[in-house]
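Peer 1: output the structure for:
(chains A and B)
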Number of protein chains: 2
Amino acid sequence: MHLVAIGGSDAGISAALRARELDPGVEVSVVVADRYPNYSICGIPYYFSGDVAPWQSLAHRTAADLEATGRNLRLDTLATSIDVDRRRLQVRTPEGRTDQIAYDELVVGTGALPAYAGITGLDRLGPEDGVHVLHSMGDTFALDRHLDERDPRTAIIIGAGYVGLEMAEGLTGRGLQVTQLQRGPEVLSTLDPELAAPIRAELVEHGVTIHTRTTVQAVTRTDHGLEVVGHRDGEPFTQTTDLVLAVVGVRPNTELLQAAGATLGAGGAVVVDDTMRTGLPHVYAAGDGVVTHHRLLGVTYLPLGTTAHKQGRVAGENATGGSARFAGSVGTQVVKVFDLVAARTGLREHEARAAGWAPVSSTGVADDHKRYYPGAQPITIRITGDERDGRLLGAQLVGRLGTETAKRVDTYATALFAGLTVEQVSELDLSYTPPLGSPWDAVQIATQHWSRQATHVPA
Amino acid sequence: MHLVAIGGSDAGISAALRARELDPGVEVSVVVADRYPNYSICGIPYYFSGDVAPWQSLAHRTAADLEATGRNLRLDTLATSIDVDRRRLQVRTPEGRTDQIAYDELVVGTGALPAYAGITGLDRLGPEDGVHVLHSMGDTFALDRHLDERDPRTAIIIGAGYVGLEMAEGLTGRGLQVTQLQRGPEVLSTLDPELAAPIRAELVEHGVTIHTRTTVQAVTRTDHGLEVVGHRDGEPFTQTTDLVLAVVGVRPNTELLQAAGATLGAGGAVVVDDTMRTGLPHVYAAGDGVVTHHRLLGVTYLPLGTTAHKQGRVAGENATGGSARFAGSVGTQVVKVFDLVAARTGLREHEARAAGWAPVSSTGVADDHKRYYPGAQPITIRITGDERDGRLLGAQLVGRLGTETAKRVDTYATALFAGLTVEQVSELDLSYTPPLGSPWDAVQIATQHWSRQATHVPA
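Peer 2: Predicted coordinates for the structure are as follows:
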């Protein structure tokens, strides 16, 4: 039995690990487009901030580690087509030759590609022009070389999502004057603006210039540097800079599977069921290239590393004869921006309403621990619940580093997974000691606040 | 409608608050035995460590705050008997007179009293002898006076539970040479010894002398100080010290309700149902004096501040015509000892077995966040699950301060509340960013470890 996994990131490697864990006799090959298997893409911003060095430490496992556990790694090898009927994968070898790899089961984890959001120039300009994306170790080296060799003074980051914010911190730490452009009314559009506003303040306090309601139309190379042109609040906007980093989202990398006959669904991603089957015989897929089963939304597209790991694990288990099912995402996310932590899980009000729920939200503020003990800090928590049956639908949290905000969101994530009501969160038996909590935890002060505000009928 | 609550701590005050929240028209009186209503007893050790000052800041709410929201406080007033038929509470006033308070509904939250564990002398000796307990603000002042006025150099703490460990830290911080005596094989007997061992090491590293397997028989006053006599590892043990602090547990304070005809149950505590009714008409009870409904154990006795708050809230709601039910404890507890945090929720193996489960446990170690990001620290996590159906039964965690261990236990607590399996915890969609977690959170690395170790039949 030969399992072939395509992709050296979360989904492909997780599938390979799980297969070998369940059946040490299975032969596993991993086809990796570059020479950097199992690198933590989420860690790249911390390489630029200087928190992580050398870059090699970003590897979850080294290639040697992976090989030692019996995986055959084919690095610098691009999967070019799948012959589903004959169960053969065509690849381009590092030497540029075409090769065929026979498989019994195939797991495709080709991930996503940077999106350009219709911005003219992003498709044509590249690192040598000073225009960067950040999605691979190759992108990382290119940006690093730019910083080292050309000593840019200013940078424009297009986009203020997770990577954009982390890179604003990273490039500021490298001494650049960073301007961040965001299309919407506030940074971090995955949160409600009132929750994201403190993140913007934190960035500004650390010297980042933020322009919201700013749409970029084009990036062009001029004699004076890179010119970023667009509109801000409806007025024309132009700014010249030494470096442009475009982090405006991703699009699923589906070419390989699409050509093989797979179906595309939500977000243009490859349709899979909760066993990670594509519908093509013996072909599984997982990660940022496939649709996401969401416990509150049904099928959607929400590419996240945590989900890719879980989906990959399911694919690896099923490809070796198992019967695992992906239990579904609830959309839990967290980001650190300088000394603030912002997290969310579940749905925001407009998302819940669009999905047919009857959402009501309330925002409360509670200390991370008893105020009499030194260092207490407020956490702002916005709860969304269904006004009809009181079911918890989502939570958003913002607090300072050290307030355990990142793991407090997990209590809500667990409650969402289990389908608890907002009232039941108030009833949870959570931990308390004065230096680290309150008799009613901040998590519950927020749900009690919701219960007082919302005119819901208790379950 | 006149609601009378007896007790100025968590249960009584929570009942009073909830009643007024639901029905601002209800008249609420709170009968408090001392003059310190709504003080955080859990915070007292941090007053001695110097983290909290002045002592007044230990009040959750001031007496003035409480009165401002319409509660009538009767301080320094001891409830002496309940006339259930005539709905009258007899009290001793601050002036020593007997008075009667008519009530419509009564909530009794008389809490617990320090236990003496059969140690001769503890009943006779008091603060003036240098022998202390720590259960009220009065006890706090007495110990504080001792430290200020008599400048003791050495202290023996009998007991190494939560308060004992926190006070070992507190008195060490005050410059005393602390010896801590513990009956069992390891400190913090609420955890498995392998989890508690790092706590002992932390105490020793900070200069505390620990004697385990040490049973104290007697404390006597001599010309040279206080003599503590007992056995250590079966051999006679004697040590002389300037100060003794006995923190060997609590016993429910049931005298008032017992005399009124209430039934005693688990742990000698007053029997209540999950609506907090005692069975005596119009008499509710909550807090450390009553039995605890536990979601995994049924009815037990597990006095905790968090539970007292919840039970008090239920009592207050029902006393004003509501129909709330206490959802039940899962035994979640956490303690900070110097720079370590130890937490547990649910059952340990022997507890689970005694309750009819088929527990299997495994201990894993996982970093609090990605190792490549600075400051990663291991968290040791012991998972107990049922080998028959895979249900999660309990979790114990030990990690350093800053590892979000206190809020990681809450994920397990929420899973226990919802009745999830160990496998389902591995499936949870938990938050991840490299500075604060891992794609599989430490919580899940531990449950995956359990799944590999335990020979259970998946659900």
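Peer 1: the residue nearest to residue A:76 when sequence neighbours are not counted: what secondary structure?
Peer 2: Of all residues not flanking residue A:76 in the chain, residue A:94 sits nearest, at 3.9 Å (Cβ to Cβ, 6 or more residues apart in numbering or on different chains). Any C-beta I mention is one placed from the backbone N, CA and C, and that applies to glycine too. Following DSSP: H, G, I helix; E, B strand; the rest coil, the label given to residue A:94 is coil.
Peer 1: and residue A:94, how far is that from residue A:77?
Peer 2: As defined by Cβ to Cβ, to the nearest Å, residue A:94 lies at a distance of 6 Å from residue A:77.
Peer 1: more neighbours: which of those two?
Peer 2: residue A:77 (23 against 12; other Cβ atoms under 10 Å in any protein chain shown).
Peer 1: does that one touch residue A:30 like I think?
Peer 2: No - between residue A:77 and residue A:30 there is no contact under Cβ atoms under 8 Å: 9.4 Å.
Peer 1: list, one by one, the residues from the stretch 251-400 of chain A near chain B.
Peer 2: A:295, A:304-307, A:309-310, A:327-336, A:341, A:343, A:345, A:370-374 (Cβ under 8 Å from any Cβ of the partner chain).
Peer 1: ok, of these, which come out buried?
Peer 2: A:295, A:304-307, A:309-310, A:327-336, A:341, A:343, A:345, A:370, A:372-373 (16 or more other Cβ atoms under 10 Å in any protein chain shown).
Peer 1: against chain B, how distant is the residue nearest to residue A:76?
Peer 2: 27 Å (Cβ to the nearest Cβ, to the nearest Å).
Peer 1: in contact with that residue: list those residues for me.
Peer 2: A:75, A:76, A:77 (Cβ atoms under 8 Å, 6 or more residues apart in numbering or on different chains).
Peer 1: go again with 10 Å.
Peer 2: A:35, A:74, A:75, A:76, A:77, A:78 (Cβ atoms under 10 Å, 6 or more residues apart in numbering or on different chains).
Peer 1: coming back round to it: narrow the buried ones among the residues of the stretch 251-400 of chain A next to chain B to those in strands?
Peer 2: Cross-referencing these against strands under DSSP state E gives A:333, A:334, A:335, A:336, A:341, A:343, A:345.
Peer 1: hang on, isn't the first one packed against residue A:341?
Peer 2: No - the criterion here is Cβ atoms under 10 Å, and residue A:333 misses it with residue A:341 at 11.3 Å.
Peer 1: any shared contact partners between the two?
Peer 2: Applying Cβ under 10 Å, 6+ apart, one finds that residue A:333 and residue A:341 are jointly contacted by A:409, B:431, B:433.
Peer 1: between those, which sits nearest residue A:141?
Peer 2: Relative to residue A:141, the closest of these is residue B:433; by Cβ to Cβ it sits at 22.8 Å.
Peer 1: which strands and helices sit next to the one helix or strand residue A:380 maps to?
Peer 2: Here residue A:380, judged by DSSP states H and E, is contained in strand A:378-386. Using 3 or more Cβ pairs under 10 Å, 6 or more residues apart in numbering or on different chains; DSSP states H and E, the elements in contact with strand A:378-386 are helix A:193-205, strand A:340-346, helix A:349-354, strand A:359-367, strand A:392-400, helix A:405-418, helix A:422-427, helix A:442-453.
Peer 1: quick one: residues contacting the residue nearest the centre of chain A.
Peer 2: Among the residues of chain A, the one closest to the centroid is residue A:304, at 3.7 Å (Cα atoms, centre = their mean). Residue A:304 makes contact with A:10, A:42, A:162, A:287-288, A:292, A:310, A:329, A:331-333, B:429, B:432, B:439 under the criterion Cβ under 10 Å, 6+ apart.
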